[in-house]
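Student: starting from these lines, generate the structure:
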Amino acid sequence: GAHTISGPQCHLQGLWQNELGSNMTLSALDTAGTFSGSYHTAVAVTNKRILVSPLQGVQQHPGAKGQPTFGFTVRWQFADSTTAFVGQCFVDRRGRETLETTWLLREEVPSHRDTWKATRVGTSIFTRIK
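Tutor: I've put the predicted structure just below:
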């Protein structure tokens, strides 16, 4: 038979904030499961003025448990780097949603000899603001 959806559903659309105070707004998903949004980082490896940066992403088909995986890429407006996030949307029994993510930040380097130091990795947890 058909799988019944148990428990609350986790939705990506909305305004999120991580543990460093960075804010992220995600749009509604289209029929292909893709979404867009904007990212306003609170931390950057630059002394330039931080600008809100666009992001593009995709959500996997929501599973029976309603806690889907997703990925998105941020195109920084103030730096020659790109960050890719992958994660999962979790919702607890009280309906509180969190995005658990791992990110890779690739910095532009002058040559392939510098590739060894060009990528940073980290984790970030976002909680819904609204």
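Student: low-confidence regions, this protein specifically.
Tutor: Scanning the chain with the threshold set as pLDDT under 70 gives 1-7, 44-48, 50, 62-65.
Student: all strands for it, in order.
Tutor: Secondary structure of the chain by DSSP state E: the strands cover 14-18, 23-26, 34-40, 53-59, 69-75, 81-91, 97-107, 119-128.
Student: most tightly packed of those?
Tutor: Ranked by mean neighbour count, these are led by strand 23-26 with a mean of 20 (mean count of other Cβ atoms under 10 Å). C-beta coordinates here come from the backbone N, C-alpha and C atoms, glycine included.
Student: what lines up beside that one in the sheet?
Tutor: strand 14-18 (antiparallel), strand 34-40 (antiparallel) (DSSP bridges).
Student: tabulate the strands of the chain (CSV), appending distance to residue 8.
Tutor: Listed next are the strands of the chain as CSV, based on distance: least, Cβ to Cβ, whole Å:
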stretch, distance to residue 8
strand 14-18, 14
strand 23-26, 18
strand 34-40, 20
strand 53-59, 16
strand 69-75, 17
strand 81-91, 5
strand 97-107, 8
strand 119-128, 12
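Student: adding distance to residue 90, write the strands paired with strand 23-26 out as JSON lines.
Tutor: What follows is the strands paired with strand 23-26, written out as JSON lines (distance: least, Cβ to Cβ, whole Å):
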{"stretch": "strand 14-18", "distance to residue 90": "13"}
{"stretch": "strand 34-40", "distance to residue 90": "18"}
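Student: nearest to residue 121, out of the ones you listed?
Tutor: Comparison of the strands paired with strand 23-26 against residue 121 by Cβ to Cβ identifies strand 14-18 as nearest, at 15.4 Å.
Student: run through who's touching the closest one.
Tutor: 23, 24, 25, 26, 99, 124, 125, 126, 127, 128, 129, 130 (Cβ atoms under 8 Å, 6 or more residues apart in numbering).
Student: put the alpha carbons of it into CSV.
Tutor: Extracted in CSV, the C-alpha atoms of strand 14-18 (Å, rounded to 0.1, in the frame of the first residue of the first chain):
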residue,chain,number,x,y,z
GLY,A,14,11.5,30.5,5.1
LEU,A,15,14.1,32.5,7.0
TRP,A,16,16.9,30.6,8.8
GLN,A,17,19.8,31.6,11.1
ASN,A,18,22.9,29.6,12.0
